[in-house]
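> Whatever this is, show me its structure:
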Amino acid sequence: MRHKRVQKRKIEADKKYKNVLVTKFVNYLMRDGKKTVARNVLYNAFEILRSKNQDIIPIFEKAIQNVAPRQEVRPRRVGGASYQIPVEVRTDRRMSLAIRWLIIAAHKRSSREYRTFSEKLAAEFMDAVENKGEAIRKRDMMYRTAQANRAFAHFRW
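This is a model prediction of the structure:
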């Protein structure tokens, strides 16, 4: 091996909800080191969900679980040709992809429909729980690509 393995940092649970996943989401949401702003955006999205008489943390975790991809394709060069090889997604990558896709999907939502980003995020959480929305479409596209390239699975190592 060329390089030393990078040590995984221990992420502390969120103070308000006592959940590590909430902290990870806030860290992904953060721009320019403004963690308080990111935390407030997420908490406001949770308040919107709470106003709809929803239990927040189970919905949040279910949304991330639903969006998390099971398989992805990785390029592999074999004899001068590049093949897309379907592989199973590692747990930590699965979570980070799900979080990233939820945030991107919320950003893409129409500004006419929603006033704040918190509203967009709450709507994306609700859609993800119901297995619809942009983030779910992204997961399904990745799965379809992996299924289409099943023939090259024997190149995996």
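> contacting residues around the residue positioned nearest the centre of the chain?
With distances taken as CA atoms, centre = their mean, the residue of the chain nearest its centroid is residue 98 (1.6 Å). With contacts defined as CB atoms under 8 Å, 6 or more residues apart in numbering, residue 98 is in contact with 64-65, 67-69, 135, 139. Glycine gets a C-beta too; all of them are placed from N, C-alpha and C.
> will you turn the residues you listed into CSV that also has neighbour count?
What follows is the contacts of residue 98, written out as CSV (neighbours: other CB atoms under 10 Å):
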residue, neighbour count
64, 23
65, 13
67, 28
68, 20
69, 19
135, 28
139, 23
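> Quick check: of those residues, which lies closest to residue 113?
Proximity of those to residue 113 (CB to CB) peaks at residue 135, which lies at 16.6 Å.
> Averaged pLDDT, the helix or strand where that closest one lies. What do you get?
Here residue 135, judged by DSSP states H and E, is contained in helix 134-148. Averaging pLDDT along helix 134-148 yields 94.
> Can you list the neighbours in contact with that helix?
With CB under 8 Å, 6+ apart, helix 134-148 has contacts from 66-73, 84, 86, 98, 101-102, 104-105, 108-109, 124, 127-128.
> One more pass at 10 Å, please.
With contact meaning CB atoms under 10 Å, 6 or more residues apart in numbering, helix 134-148 is reached by 63-64, 66-74, 84-89, 97-109, 124-125, 127-131, 133, 153.
> try stretch 21-34
Here stretch 21-34 has contacts from 11-17, 19, 35-43, 45-46, 56-57, 60-61, 64, 92, 95-96, 98-100, 102-103, 106, 117, 121, using CB under 10 Å, 6+ apart.
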